[in-house]
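Asks: Fold the following, please.
(chains A and B)
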Amino acid sequence: VTPRRLERILLVEDDPDIQVVASLALSKLGGFAVQVSGSATEALRAAPGFAPDLILLDVMMPGMDGPATLAALRELPATAATPIIFMTAKIQPHEMDHYRALGSAGVIAKPFDPTTLPQKVRDLWREHHT
Amino acid sequence: MARRRKEARAHDSELQALRARYHAELPGKVGAVEEAAAALREGAPASELGALYLLTHRLRGSAAIYGFADVSNAAAGLEVFVAAAVEAAAPCSGPWLDELRAHVTHLTDTLPEVER
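Replies: Prediction:
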């Protein structure tokens, strides 16, 4: 089965400095259509209309954190089955197990190299679909 | 092929421009951490620890992504120190505030390195 093509990415990240560099890398280097949300609330509002193929979700955000946001996105029909990749500096084995148990499609470790970010996303997308 | 090379160069220069902008903003970001720490020393409630934690967490992550490893490492030390206090929900004692000052000084000391 040919996996769905990865074209649209919703980036949920509260830090404006990371938003801008990740968004640039994903759109200009990766060729993806990217929408940025600065919080869980923004993401929950934007996701149904944007209809992302994939959601990149920061784990540590003020207010609703990444895991809570994932749970809320799963409640929306539009994103109930959308693959979600966490972005986090917390990548100890037990933390990785926890992300998997929550149903994430993968984890991108922070700090990431902006120039290789699009390829990492593609690799995780491919792994998720095999 | 030539067009791809040209595009790659353009994207690289966009990334370099972002890095330069971040570099120019670094003193302000470190200054915000200093201010939040100073407020605690001047008697701000311990609940303000959360604001300091968020500032250091962001600085640690973004500085590393933009290639300022020394700043990120110093911010990481401060982040861990503040996180422990947030978790313990303990009041900011004198010795703790002294140690906080040392962490912040270490962070600000990384800025001259960045200027080079």
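Asks: Can you say which helix or strand has the one residue in chain B that gets nearest to chain A in it?
Replies: At 3.4 Å from chain A, B:Ala64 is the closest residue in chain B, using CB to the nearest CB. Using the backbone N, CA and C atoms, a C-beta is placed for each residue, glycine as well. Assessed by DSSP states H and E, B:Ala64 sits inside helix B:49-65.
Asks: Tell me how many other residues crowd A:Phe86.
Replies: Close neighbours of A:Phe86, defined as other CB atoms under 10 Å in any protein chain shown, add up to 29.
Asks: residues contacting it?
Replies: Applying CB atoms under 8 Å, 6 or more residues apart in numbering or on different chains to A:Phe86 gives the contacts A:57-59, A:66, A:70, A:99, A:104, A:106-108.
Asks: can you confirm A:Ser104 is in a strand?
Replies: No - counting by DSSP: H, G, I helix; E, B strand; the rest coil, A:Ser104 falls outside a strand, being coil.
Asks: Following the chain onward from the worst-scoring helix or strand of chain A on mean pLDDT, which element is next?
Replies: Within chain A, no helix or strand scores below helix A:93-102, which has a mean of 94 by mean pLDDT, DSSP states H and E. As assigned by DSSP H and E, the chain's next helix or strand after helix A:93-102 is strand A:106-109.
Asks: Other residues contacting that next one?
Replies: Contact partners of strand A:106-109, identified using CB under 8 Å, 6+ apart, comprise A:56, A:85-89, A:91, A:96, A:99, A:117, A:120-121, A:124, A:127-128.
Asks: what about the helix or strand following it and chain B, any contact?
Replies: With elements assigned by DSSP H and E, the helix or strand that comes after strand A:106-109 is helix A:117-128. No - Helix A:117-128 does not reach chain B (CB under 8 Å from any CB of the partner chain); its nearest approach is 9.4 Å.
Asks: so where is chain B shaky, pLDDT-wise?
Replies: B:1, B:91, B:113-116 (pLDDT under 70).
Asks: Do a quick rundown of the helices in the chain.
Replies: This is for chain A. Using DSSP state H, the helices of chain A run over A:16-24, A:40-50, A:66-75, A:93-102, A:117-128.
Asks: You answered for a different chain; I wanted chain B.
Replies: For chain B, the helices defined by DSSP H cover B:2-41, B:49-65, B:69-88, B:94-115.
Asks: The last one vs helix B:49-65, what angle?
Replies: Here helix B:94-115 runs at 30 degrees with respect to helix B:49-65, directions being taken by axes from the mean of the first three to the mean of the last three CA atoms, to 10 degrees.
Asks: do the same with the longest one
Replies: Interaxial angle of helix B:2-41 relative to helix B:49-65 (the same axes, to 10 degrees): 150 degrees.
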